[in-house]
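Asks: Provide a 3D model corresponding to the input given below.
(chains A and B)
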2 protein chains.
Amino acid sequence: MLETAFSRALSARAGQVEAYLDRVLGSTALEGEIVRPEHLMAAIRHGVLNGGKRFRPFLVMETARLFGADEARSLPVAAALECVHCYSLIHDDLPAMDDDDMRRGLPTVHRAFDEATAILAGDSLLTFAFDLVTDPTNGLGGDVRADLARRLARAAGLGGMAGGQALDLAAPGMKPDERGIVTLQSMKTGALIRFACEAGAVIGGAGQAELARMRDFGEVIGRAFQLADDLLDVTQTADAMGKATGKDAVAGKATLVSLHGQDWARGELSRLVGEADALLAPFGSAGETLVAAAHFVAERQS
Amino acid sequence: MLETAFSRALSARAGQVEAYLDRVLGSTALEGEIVRPEHLMAAIRHGVLNGGKRFRPFLVMETARLFGADEARSLPVAAALECVHCYSLIHDDLPAMDDDDMRRGLPTVHRAFDEATAILAGDSLLTFAFDLVTDPTNGLGGDVRADLARRLARAAGLGGMAGGQALDLAAPGMKPDERGIVTLQSMKTGALIRFACEAGAVIGGAGQAELARMRDFGEVIGRAFQLADDLLDVTQTADAMGKATGKDAVAGKATLVSLHGQDWARGELSRLVGEADALLAPFGSAGETLVAAAHFVAERQS
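Replies: Below you'll find the model as predicted:
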């Protein structure tokens, strides 16, 4: 698949996810909700409906498709994962955390609103993700929905993404070694990407072996994603990224790029793409879009 | 039931919940988790294992018992709700929110640790609640577990507790009227207490009419709880409460007590206890413990 064809596929999925999130994050309170406060909803929408690439939802939906599940089943789960991702960005950008003013070329939520509202917007999005993932109208059985919620909680929580951010904040003083960096990144970035591929397989009713294969694929994509990110942090300008760059060096933060250099990183990216390729080979042409996703991740410029 | 008998019942449940939380919030990573960072876990445990009354879990477990469900089924859900409650306290105490230094006689999490860790501890607890509530070993079917997760999300999220906190932060400038105060409190405090009673009924397989009755009971208990809290804020010392008091007046925050006075509040509390009594009358002596809970809430001194 050509990169342009992939970009079109990614954009099309992003459009679906954006439209879905725009609808479910509207102003009307659902059953069991009292009122959706206007100010809070504006902050939530600012943090979510911002033209993101929606790469994680893309992985959910394409993996689900690989196992024969239609969009009605995968879209709510994909959107739930994006809510978790967006909540993590809102909280990570807070002054007490990474203290970022810009995100995707716009003021971060605490800059556009205030800190308290940003904290609550993040909390609300995280909570809402579990509403979406357990949606009984998506055609998935109760066992599957409960299982997806539990997997999402483990990927996002204290032993996953949130734990990874906690390790990252402690990291500048800690000077982690290679193994420490890999663990940190596997939690902070890897866990949600692994969940994306795993969730698609669960939605599609994959067997244990296929589930393990897709989790491995997610692991490889996650490592490529983080490595490309660390590389872009040293090679790209803030303008091209829509957020601050060069932050790792300023923060004295060790990455695999700072440890092994840019040449090694480019070689490792190629190796990871090859691994992704091999993992999806058994699916033949049906796996093409996901293989293209691995290339996209490794070769992206922003 | 005498108040002392009730206090003993509450303490016994609190002991069960505390022991359960102590166990599941240990240092060993579960399947799907990578590492449980030591510093983060210490902050989480500081925010959770602090000898709280565990009133919300008590309601879950006693309501479940009313409908014949044993503790193995209700304890994980009860503990999940306590995690949500504790997360909300950790985040509400943050400098950007209510800016409190003390909680239950101990430094708040951001004072004992730091702001970033407190934000992540709260995020992690909220996430972990959905792990516990979907636990497949509790003997509840997948549909029930997914349903409980969804109800919890709605109670805690943008149209529930988090939304209520957003309204509360906006309130000093807004000068809400009586209806505004009732809505705010129904979200900020009421939603989780309603969920507690509703969840117990769902766990026990209650029918629609009984579910509605228990939700009404939760609504009444929630209103009594908040009214007693507002009353204690003006009548009690900080020492007796283990946290700052008189904050509503300082913050210029309108409550039903500031609007109608202490005498009205005491009368209204009696009325609510009577309502709670009437709602549980059909259950006869089986409902005694929950009726005693209504008295406890209305008459507590801390």
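Asks: which strands and helices sit next to whichever strand or helix holds A:Val84?
Replies: Using DSSP states H and E, A:Val84 sits within helix A:71-92. In this structure, helix A:71-92 packs against helix A:3-24, helix A:38-48, helix A:55-66, helix A:115-133, helix A:142-156, helix A:161-174, helix A:191-203, helix B:115-133, with contacts taken as 3 or more C-beta pairs under 8 Å, 6 or more residues apart in numbering or on different chains; DSSP states H and E. (Glycine included, C-beta is placed from N, CA and C.)
Asks: Report whether the first one contacts chain B.
Replies: It refers to helix A:3-24. No: judged by C-beta under 8 Å from any C-beta of the partner chain, helix A:3-24 stays clear of chain B, getting no closer than 10.8 Å.
Asks: the longest helix in chain A is where?
Replies: helix A:208-235 (DSSP state H).
Asks: pLDDT of that one, averaged?
Replies: In this model, helix A:208-235 carries a mean pLDDT of 96.
Asks: Now do it against helix A:142-156, angle only.
Replies: 30 degrees (axes from the mean of the first three to the mean of the last three C-alpha atoms, to 10 degrees).
Asks: Which positions within helix A:208-235 qualify as buried?
Replies: For helix A:208-235, burial by neighbour count (16 or more other C-beta atoms under 10 Å in any protein chain shown) applies to A:210-211, A:213-233.
Asks: Which elements pack onto it?
Replies: Packing partners of helix A:208-235 (3+ C-beta pairs under 8 Å, 6+ apart): helix A:55-66, helix A:178-185, helix A:191-203, helix A:247-250, helix A:256-260, helix A:262-280, helix A:288-299.
Asks: could you measure A:Gly159 against B:Thr28, distance?
Replies: 10 Å (C-beta to C-beta, to the nearest Å).
Asks: Of these two, which one has the most company?
Replies: A:Gly159 (29 against 9; other C-beta atoms under 10 Å in any protein chain shown).
Asks: Compute the number of surrounding residues for A:Gly284.
Replies: 8.
Asks: typo on my end, A:Ala9
Replies: 18.
Asks: Now do the nearest residue to it once chain neighbours are set aside: how many residues are near it, please.
Replies: Take A:Ala9 and drop its neighbours on the chain: the residue closest to it by C-beta to C-beta, 6 or more residues apart in numbering or on different chains is A:Thr289, 6.0 Å away. Using other C-beta under 10 Å, A:Thr289 has 22 neighbouring residues.
Asks: Let me know whether A:Thr289 touches A:Ser7 as I believe.
Replies: No: if you go by C-beta atoms under 8 Å, A:Thr289 and A:Ser7 don't touch, sitting 11.6 Å apart.
Asks: before we move on, back to that, pull the distance from the longest helix of chain A to the chain's centre.
Replies: Centroid displacement of helix A:208-235 relative to its chain, using C-alpha atoms, centre = their mean, to the nearest Å, is 11 Å.
Asks: Tell me where the model's unsure across the stretch 51-200 of chain A.
Replies: A:171-174 (pLDDT under 70).
Asks: Could you pull up the contacting residues of the closest residue to chain B within it?
Replies: Distances between the stretch 51-200 of chain A and chain B by C-beta to the nearest C-beta are smallest at A:Gly159, namely 2.4 Å. Under the criterion of C-beta atoms under 8 Å, 6 or more residues apart in numbering or on different chains, the neighbours of A:Gly159 are A:Met187, B:Ala29, B:Leu30, B:Gly32, B:Glu33, B:Ile34, B:Val35, B:Arg36.
Asks: Would you format those as JSON lines with secondary structure, distance to B:Met61 and neighbour count included?
Replies: JSON lines is the format used below for the contacts of A:Gly159 (DSSP: H, G, I helix; E, B strand; the rest coil; distance: C-beta to C-beta, whole Å; neighbours: other C-beta atoms under 10 Å in any protein chain shown):
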{"residue": "A:Met187", "secondary structure": "helix", "distance to B:Met61": "33", "neighbour count": "27"}
{"residue": "B:Ala29", "secondary structure": "coil", "distance to B:Met61": "28", "neighbour count": "15"}
{"residue": "B:Leu30", "secondary structure": "coil", "distance to B:Met61": "23", "neighbour count": "14"}
{"residue": "B:Gly32", "secondary structure": "coil", "distance to B:Met61": "27", "neighbour count": "20"}
{"residue": "B:Glu33", "secondary structure": "coil", "distance to B:Met61": "27", "neighbour count": "19"}
{"residue": "B:Ile34", "secondary structure": "coil", "distance to B:Met61": "32", "neighbour count": "21"}
{"residue": "B:Val35", "secondary structure": "coil", "distance to B:Met61": "32", "neighbour count": "21"}
{"residue": "B:Arg36", "secondary structure": "coil", "distance to B:Met61": "27", "neighbour count": "20"}
